[in-house]
Structures are given as structure tokens and as C-alpha cells.
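Engineer: sequence isn't available, so here's the structure alone:
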């Protein structure tokens, strides 16, 4: 545990910043900026590692456009530093914070984690799982919470259920496979040829290679289908779903600048009341209690984060592009340089 007091004379930090929306390679740049100030209910985390999720690409590009209306800035980003998945040490706490102390090792959700320091709400952090280093812990935050809520709350997976995870090799998918197995399900993962071994290694009972087969090839009807960042037509998903089964659309891509795939989710919600199948979607709730559940699953050995690559802070744009282009097997993680009394600019 790092219990060193915060050096208040060192008011700067290295960070990745942007002042406009756009392509990651064009708008992200390394810089030395002031450390963030914290409010009464917030803490300051010295960042050891920062996970990269699909949301990072959306928040950097500002696409689809409705994301700008969700409080992130209409014409330009409100927070110049992107990144939200974090693990590290608490180095300062707000006046109203009682749940964490300076020196605690934590993981969770912050604002501006692609930096040496990030501010976070105390109720969106939890003690770092004991089995994990900081790199793996940073990977087990937003993606893991999303998978947990998809399996437990919206899919309502029970022992014996046949569960299909589309996108099983990605950040959310690798957690969804393991959490569904922890709930006693028979799990089939869908991925590309190069990722079959990975999906099998995390516990999938069966694997479908989408480059050679579709999800209806085997004629199996699934009790629960988790469609993670997919774009398959609803009619195809429903053919693979049991008559009283549940489809959970966790995300969607390739839907354009305005809808971003949400049109398919809206059609599912509109259709659901008129059919026997339950067609659902959701926005993950980022909260302390579910971080504790994730930590317990990890420390029990039932779930292990899959981290394929780490990138240094000054290669954040490359890391986001690598994930967005579909290359990642599990998670990718950013590792900032160790904070020190110096304020040297990245890349020098």
C-alpha cells in the first residue's frame, strides 16, 4: 500500500488531453497540466493503470451525437482528460468522504484517468481485489459492471440456462462468459477464428466462429442471448432465442453519427410487449456495490480479467484505435509514468 502523503507543492501532472471532438489520432495529445481539484464528496487517485473501454472512443470522437447531450459537452468536451476506468492509490479525500482513506488501494470509475492523477466520486470506488495487480484491476471496472448487470439483472441467468454471448472475446464479453458460468449457465461464445482459444480458455462450453457459421447453424435455442456491441438483425437474434427467452442488447456499433446503433435497441423495446420473448437493453449503473460483487468474484477465483496489452500513456490514441478496430482480445490498459516531483512533458 502506498501511504506517502500528497506533495501539494507539485501541482502538475502528465496527462492525455483534447480540446475538441474528433479522430483519436488528431485530437489527443500529451501535455503537462494542473492536477485536478476535488470536491467534498470526491477523492484524488494516483493512477497506476487506466482501462480502455469502448466508451473512450465515443467520448473522444463525440459520436454518436446524442452522447454530447449526456453531460459531456455539446460543442467541446467539458473534461479535457478522457478515460474513466481506474486503479491506483488514494492520495487525497474530500471533506465529506468517510468510506476511503489516504493510502487505500482502489479500483473503479474516475473522471480523466488517462493521466497520473484522476478525481473520482468515493461511491464509485472499491478496495482493489487482493488477487489482482493494478493493471488487471483497472480492466475490471466499467466492462465488468456492464457484464454483471447484463447477466444478473437483465438476462436473469440461472443454473442450467443456455446462454449465448455474442462478442465473447471483447472487454465486456470475456467478463460475461465467466460471470454466466459463475451463475451455473451452459455458455456458448461467439467470436472470430483467431480468438476461439481465448474464449474456450475462460470457460465457454461451446464456441461459434462467426466467420464460418452463424448463430442459428446448430439449431440451438438459447434461454438468454447477450449481444455485446453487435449489429445482427433482430429477426436473426430472435430465431436463435427460445420462445420465452431473453435477449439483452448490451451495445451496438456501426449505427451512424446520430443513432450509433440505438435504433435497433429502440425497435427491440417497442417489439417486446407484443411477443413472448423478452427483448431488453440497458445503460449500466456505475456503483460501489457492484464493484464489491466483482471483487468478490475475482477473489474467489470465478472471474479473471483478460488483459491482452498495455500501452504507455503517450500511446493512448493507439490503444483506443486498437480496441475500436476490433483487434483486442479482452482488455487493453494504459499505464501512466510514476508520478514524481517533476513535471516533465511526455515524450521528452
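Structural biologist: Thanks, I have it. Owing to the predicted nature of the structure, the values given are computational and were not obtained by experimental measurement.
Engineer: phi, psi of residue 105?
Structural biologist: phi -90, psi 120 (degrees, to the nearest 10).
Engineer: got a pLDDT number for residue 75?
Structural biologist: Residue 75 is assigned 83 on the pLDDT scale.
Engineer: wasn't it part of a strand?
Structural biologist: No. Secondary structure of residue 75 (DSSP: H, G, I helix; E, B strand; the rest coil): coil, not part of a strand.
Engineer: please name the nearest non-neighbouring residue to it.
Structural biologist: In this structure, residue 75 finds its nearest non-sequential neighbour in residue 68, 7.9 Å apart by CB to CB, 6 or more residues apart in numbering. No exception for glycine: its C-beta is placed from N, CA and C like everyone else's.
Engineer: where does that neighbour land on pLDDT?
Structural biologist: 81.
Engineer: does it sit in a helix, a strand or a coil?
Structural biologist: Going by three-state DSSP: residue 68 is helix.
Engineer: tell me if I'm right that it and residue 74 touch.
Structural biologist: Yes. At 5.1 Å, residue 68 counts as touching residue 74 under the criterion of CB atoms under 8 Å.
Engineer: okay, now the residue nearest to residue 75: neighbour count?
Structural biologist: Using other CB atoms under 10 Å, residue 68 has 19 neighbouring residues.
Engineer: ok, now which ones touch it?
Structural biologist: By CB atoms under 8 Å, 6 or more residues apart in numbering, the contact set of residue 68 is 21, 62, 74, 75.
Engineer: from residue 27, how far off is the spatially closest residue to the second one that is not a sequence neighbour?
Structural biologist: Distances taken as CB to CB, 6+ apart put residue 21 closest to residue 62, at 3.2 Å, once the chain neighbours are dropped. To residue 27, residue 21 is 7 Å away according to CB to CB, to the nearest Å.
Engineer: once you drop chain neighbours, what's closest to the spatially most central residue of the chain?
Structural biologist: Geometric centre of the chain, nearest residue: residue 143, 2.9 Å, by CA atoms, centre = their mean. Take residue 143 and drop its neighbours on the chain: the residue closest to it by CB to CB, 6+ apart is residue 171, 4.0 Å away.
Engineer: cool, residue 308 as well?
Structural biologist: residue 329 (4.5 Å).
Engineer: so the one you found is in contact with residue 169, correct?
Structural biologist: Yes. Using CB under 8 Å, residue 329 is in contact with residue 169, at 5.6 Å.
Engineer: mind checking the SS state of the closest residue to residue 132 other than its chain neighbours?
Structural biologist: Spatially, and ignoring its direct neighbours in sequence, residue 132 is nearest to residue 298 (6.3 Å; CB to CB, 6+ apart). Classification of residue 298 using three-state DSSP returns helix.
Engineer: report how many residues lie close to residue 298.
Structural biologist: Residue 298: 23 neighbours (other CB under 10 Å).
Engineer: and what of the one 5 residues further on?
Structural biologist: For residue 303, the tally of surrounding residues (other CB under 10 Å) stands at 28.
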